[in-house]
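take a look and give me a structure for this.
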Amino acid sequence: MKKQFFLLALLLLCPFISPGWGFFAHRTINQIAVYALPKAMQGFYYRHLPEIVRLAVAPDERRDDDPSEANKHFIDMDHYGEDPFGMMPKLWEKATAKYSADTLRKYGTVPWIVIDVKEKLTEAFRQRDSAAIVRLSADLGHYVADAYVPLHTTLNYDGQLTNQRGLHSLWESKLPERHIAEYKLDAEKGEYLKDPQRTIWQVVQESYGFLGATFDMEEKVSRTFTPETKYVFSHKYGNTRRTYSDAFADAYHKEVGGMVAFRLKLAPTLVASMWLTAWQDAGKPDLDALLAKKPTKEDKEKLDNELKVWDKNELVPQDMLLALHPEKAVERPDLINSAKDMAPVPEEPETAPTDAVAPPPPAPAQPGPEKVKVKTKTAAGTSKQKEKKKPAPKVNDGWN
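Numbering: from 1, shown residues only. Here you go, the predicted model:
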């Protein structure tokens, strides 16, 4: 009963406590990928688990600052004809020779980006660069996860061409956020990939194959809703935004929820496999040697416990899924130290040094207001002297 109550509360709270657009699934996938690693890698990755989960969304956060980032997350295969996977060369050099680099970037490059980041991660392992390993592992997890989303493989990525606008966020964000407690998150263990390029293209092709159901099921469910019950509207800064209602999301999930859960379960295994392949291609460096502090007995017991919870698919009921936790703000060093962190003021010597420069003479006193006499006339007609203060000349105080 207690477990059922927790799941019910989670379903109701998920839309409010989950992170921003699409972030929830990315963080979930990166966390589970760490559990899917072999023992030789797990200690290092588990030590950096919070950072790898937090940085899972870094590529999305870079979009506003980096104009070259957006096309790394998708590939519009339907742009390349009725048989796109037969027409498209899988090697970047051959693809650019056929279509040009500008065309490929315009319509998305996610499978090539996955291979590029994987090679950079391999080099980071060779260089024993722990900071780069963490950063690139998080990025690689993000791009691999994007390849598992059907709507990342089509020009009609948000249903905007079929009057189904908002479908992208519904499929990728709202469904997993509302129904994560129903999903099986016990992904398979990662394994070495003999041909990572072929593997990621296979994932893209499978995602492309799910597009028909993605659009058709939305149309089917829409027949049982009116526009008033299908959508909700929000107003902010003079703009009106239309999104699918919770009731429609739940009804749509009954039709395609198995697909979403299936893709979400497969993604962490491939992420872990890409990490493992990069590590093995780099010569299997000792990752524990890169840790500033070796894992303690308590650390190992904590990891073992989480692995058992994950294996039983109880991360959500036991509140161990980090994506459900409020994100902690990243501490940044102050530009100016606080008073308690500043060095103490040195005491002045009792006697001035012989070569000390004489202090400048005191500034002359500023003149007071000058008094002038002004004649005034009384009611009786007699004149009377009255003193009036003349304002002192204005002195430049350095603020003008």
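
in the chain, which spans are strands?
In the chain, the strands defined using DSSP state E lie at 231-236, 239-244, 370-377, 383-390.

any idea how far the second one is from the chain center?
Offset of strand 239-244 from its chain centre (C-alpha atoms, centre = their mean, to the nearest Å): 23 Å.

helices and strands around that strand, which ones?
With contacts taken as 3 or more C-beta pairs under 8 Å, 6 or more residues apart in numbering; DSSP states H and E, strand 239-244 sits against strand 231-236. Every residue, glycine included, has its C-beta placed from N, CA and C.

given the strand it packs on, what are its sheet partners and their directions?
Partner strands and pairing direction for strand 231-236 (DSSP bridges) are strand 239-244 (antiparallel).

residues touching the partner strand, excluding its own?
Residues outside strand 239-244 that contact it (C-beta atoms under 8 Å, 6 or more residues apart in numbering) are Arg165, Gly166, Ser169, Leu170, Lys174, Lys230, Tyr231, Val232, Phe233, Ser234, His235, Tyr252.

which residue packs closest to the spatially most central residue of the chain, ignoring adjacent ones?
Nearest to the geometric centre of the chain sits Val57, at 2.4 Å (C-alpha atoms, centre = their mean). Spatial nearest neighbour of Val57, excluding adjacent residues (C-beta to C-beta, 6 or more residues apart in numbering): Phe23 at 4.6 Å.

backbone phi and psi for Ser68, please?
phi -90, psi 0 (degrees, to the nearest 10).

mind listing what it touches?
Contacts for Ser68 (C-beta under 8 Å, 6+ apart) come out as Arg105.

now do 10 Å
Arg62, Arg105, Thr109 (C-beta atoms under 10 Å, 6 or more residues apart in numbering).

thinking again about what came up before, pull the most distant pair out of the contacts of strand 239-244.
Spatial extent of the contacts of strand 239-244 (C-beta to C-beta) is set by the pair His235 and Tyr252 at 24.4 Å.

please enumerate the helices of the stretch 201-350 of the chain.
Remark: helices assigned in the stretch 201-350 of the chain by DSSP state H, counting those that start in this stretch are 211-222, 227-230, 246-281, 297-311.

rewinding a little: tell me the one of the contacts of strand 239-244 nearest Leu140?
Nearest to Leu140 among these, with distances taken as C-beta to C-beta, is Ser169, at 23.6 Å.

doesn't Ala25 make contact with the closest one?
No: using C-beta atoms under 10 Å, Ser169 is not in contact with Ala25, being 11.4 Å away.

for those two, indicate the residue with more neighbours.
Ala25 (27 against 16; other C-beta atoms under 10 Å).

who are the contact partners of the more buried one?
Residues near Ala25 by C-beta under 10 Å, 6+ apart: 18-19, 56-57, 145-146, 148-149, 172-173, 175-177, 180, 260, 263-264, 267, 323.

go again using 6 Å as the cut-off
The contact partners of Ala25, taken as C-beta atoms under 6 Å, 6 or more residues apart in numbering, are Pro176.

now swap in Leu175 and tell me
Residues near Leu175 by C-beta under 6 Å, 6+ apart: His253, Val260.

again, only using 8 Å
Contacts for Leu175 (C-beta under 8 Å, 6+ apart) come out as Ala249, Tyr252, His253, Val256, Gly257, Val260.

okay, His235 and Tyr252: which has more neighbours?
More crowded of His235 and Tyr252, by other C-beta under 10 Å: Tyr252, with 25 against 8.

I figured that one was touching Met217, is that so?
Yes: if you go by C-beta atoms under 8 Å, Tyr252 and Met217 touch, sitting 6.6 Å apart.

Leu102: how many residues sit nearby?
Slight slip there: residue 102 is Asp, not Leu. A total of 9 residues lie near Asp102 under the criterion other C-beta under 10 Å.

that older thread, rank the contacts of strand 239-244 by pLDDT and give me only the lowest.
Lowest pLDDT among the contacts of strand 239-244: His235, with 81.

just give the nearest non-adjacent residue to it, would you?
Distances taken as C-beta to C-beta, 6+ apart put Arg241 closest to His235, at 7.7 Å, once the chain neighbours are dropped.

can you read off the pLDDT for the one you found?
Confidence score, pLDDT, at Arg241: 86.

cool, the one 3 residues further on as well?
The confidence metric pLDDT takes the value 97 at Tyr244.

compute the number of surrounding residues for it.
Using other C-beta under 10 Å, Tyr244 has 24 other residues around it.
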